[in-house]
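Trainee: I need the structure of the sequence given here:
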Amino acid sequence: MMEENKRVLLGMSGGTDSSVAAIRLLEAGYEVTGVTFRFYELNDSTEYLEDARNLAECLGIQHITYDAREVFRIQIIEYFVQEYMSGHTPVPCTLCNNQLKWPLLAGIADEMGIFYIATGHYVRKIKKENTYYITYAADSDKDQTFFLWGLKQDILQRMLLPMGDITKVEARAFAAEHGFRKVAVKKDSLGVCFCPMDYRSFLKEWLIRDDSQSRVTNDWGQDRNDLSWSGRLKRGRFVDEKGNFIGWHEGYPFYTIGQRRGLGVHLNCPVFVKEIFPETNEVVLSSLQALEKNEMFLKDWNIVNEERLLNNPDVIVKIRYRKQENRCTVSITSDNLLHIHLHEPLAAVVPGQAAAFYDDGLLLGGGIIVSSR
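Mentor: Predicted coordinates for the structure are as follows:
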């Protein structure tokens, strides 16, 4: 680890949050360098690059761009597609933050001799008993702690989080007061950056294009050109828990566990997606009560502090970005999965989704849901 200094590498997207973060860091006395990652350019738009460059020029700070489109395609988009084709529901923003964005920031900072790394995330950081933790932002509606459970101490100790103690309303006012009117009124980004609206349309377009360009081995060990993943996007059977036919669906990747709307079946009671079987292209529908689970198992987990997390009956688990919280007890299984015993049943526990743990507002880690029961 290099010696601590007052230099900081800031991820600049060209949006309101990272732009305000740049101004606040300068006012706090840091020497700021901005880096804009080229991850994915929706409709080939590069306006965000110009916005970031123009802001850096106005602020008098160094700015660089880093082309990460290829690694983003492999690590994030291909993962996203494969998860849906496996009948899972992916968490691309969590994966991107923990395995791509923050590690890239740290790596570039190392090459430039910069100690601190920063973004416009709405989270805070504190240190307790020689351990760094992410904790809730002042703006509960914008809090992004859920997405950062995979970061380890080598990253956490270097993080500066200038947006954690203000609200989005205050951030917009701050930008306007400093003369950055365009920054102040920028719209918030919504959803996943490469498919901000309906993932189904993206999935269709990506698979049809990708089938004609690549030969990739899928989860079942078959060559994708032989199998044609786009060919799996076809009509299949809705069935009940006993396997009885209910109706037809448009293709299993277009459904997620817990889904109620858009099923296209009309019964005399509400039904929800309970299970998805890619091998047979069948989707099981059930009552909401049948979706309730008391346990779940996580892979690819990270624990910030084992003493605070394991076997602590007061731990909170969240499997949704907003609002939802449940008490649980966490332990490690003999096959190195995290076992989560829920104190109250929880519906729509979805394989592929993330779970994050909290205690007294501290983010204690998380993982990816493998199964539940």
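
Trainee: and Arg200, how many neighbours?
Mentor: 17 (other Cβ atoms under 10 Å). Glycine gets a C-beta too; all of them are placed from N, C-alpha and C.

Trainee: likewise Glu31?
Mentor: With other Cβ under 10 Å as criterion, Glu31 counts 14.

Trainee: nearest spatial neighbour of it, skipping sequence neighbours?
Mentor: Arg7 (4.7 Å; Cβ to Cβ, 6 or more residues apart in numbering).

Trainee: and for Phe202?
Mentor: For Phe202, ignoring the flanking residues on the chain, the nearest one in space by Cβ to Cβ, 6+ apart is Cys195 at 3.6 Å.

Trainee: the one you found contacts Ser201, doesn't it?
Mentor: Yes - between Cys195 and Ser201 there is a contact at 7.4 Å, judged by Cβ atoms under 8 Å.

Trainee: so where's the stretch 1-150 of the chain shaky on pLDDT?
Mentor: Flagging of the stretch 1-150 of the chain using pLDDT under 70 yields the residue ranges 1-2.

Trainee: returning to that earlier point: hey, what's the residue nearest to Phe202 bridged with?
Mentor: Judged by DSSP bridges, the bridge partners of Cys195 are Val192.

Trainee: rewinding a little: contacts only, for the residue nearest to Glu31.
Mentor: With contact taken as Cβ atoms under 8 Å, 6 or more residues apart in numbering, Arg7 is in contact with Tyr30, Glu31, Thr33, Met112, Gly113, Ile114, Phe115, Tyr116.

Trainee: the third one reaches Leu9, doesn't it?
Mentor: Yes - the pair Thr33 / Leu9 is scored as a contact, 5.3 Å apart, by Cβ under 8 Å.

Trainee: settle it for me: which of the two has more neighbours?
Mentor: Leu9 (28 against 20).

Trainee: which helix or strand contains that one?
Mentor: Under the criterion DSSP states H and E, the helix or strand holding Leu9 is strand 7-11.

Trainee: report the buried residues of the helix or strand just after that strand.
Mentor: From strand 7-11 onward toward the C-terminus, using DSSP H and E, the following helix or strand is helix 16-27. In terms of neighbour count (16 or more other Cβ atoms under 10 Å), helix 16-27 has its buried residues at Thr16, Asp17, Ser18, Ser19, Val20, Ala21, Ala22, Ile23, Arg24, Leu25, Leu26.

Trainee: just those now: which is nearest Met296?
Mentor: Asp17 (32.0 Å; Cβ to Cβ).

Trainee: what's the closest non-adjacent residue to the closest one?
Mentor: The nearest residue in space to Asp17 (Cβ to Cβ, 6+ apart) is Gly120, at 3.1 Å.

Trainee: what about the helices in the stretch 1-150 of the chain?
Mentor: Per DSSP state H, counting those that start in this stretch, the stretch 1-150 of the chain carries helices over the ranges 16-27, 47-59, 69-72, 78-85, 92-96, 102-112.

Trainee: repeat that for the stretch 151-300 of the chain.
Mentor: Using DSSP H, counting those that start in this stretch, helices in the stretch 151-300 of the chain cover 153-156, 168-177, 181-184, 199-211, 224-227.

Trainee: do you know which of these lies nearest Asp51?
Mentor: Checking the helices of the stretch 151-300 of the chain against Asp51 by Cβ to Cβ gives helix 181-184 as the closest, at 7.6 Å.

Trainee: picking that back up, so the residue nearest to Asp17 sits against Ser13, correct?
Mentor: Yes - if you go by Cβ under 8 Å, Gly120 and Ser13 touch, sitting 7.2 Å apart.

Trainee: just for the stretch 201-350 of the chain, where's the confidence low?
Mentor: In the stretch 201-350 of the chain, residues with pLDDT under 70: 210-230, 323.

Trainee: and Phe254, how many neighbours?
Mentor: 18.

Trainee: quick check: Leu342 is in a strand.
Mentor: Yes - counting by DSSP: H, G, I helix; E, B strand; the rest coil, Leu342 is located in a strand.

Trainee: quick one: the closest residue in space to Asp51 that isn't next to it in sequence and Asn97, what's the gap?
Mentor: Using Cβ to Cβ, 6+ apart and skipping the chain neighbours, the partner closest in space to Asp51 is Gly14 (3.5 Å). Gly14 sits 18 Å away from Asn97, going by Cβ to Cβ, to the nearest Å.

Trainee: likewise for Glu205?
Mentor: 25 Å.

Trainee: neighbour count winner among these two?
Mentor: Asn97 (21 against 12).

Trainee: now the more buried one: how far from Leu285?
Mentor: 34 Å.

Trainee: I figured Phe37 hits Leu104, correct?
Mentor: Yes - contact status for Phe37 versus Leu104: in contact at 6.8 Å, counting by Cβ under 8 Å.

Trainee: joint contacts of those two?
Mentor: By Cβ under 8 Å, 6+ apart, the residues touching both Phe37 and Leu104 are Tyr66, Ala68.

Trainee: coming back round to it: what's the neighbour count on the residue nearest to Phe202?
Mentor: 19.

Trainee: next one: Gly60
Mentor: Count around Gly60 with other Cβ under 10 Å applied: 8.

Trainee: sweet, I'm off.
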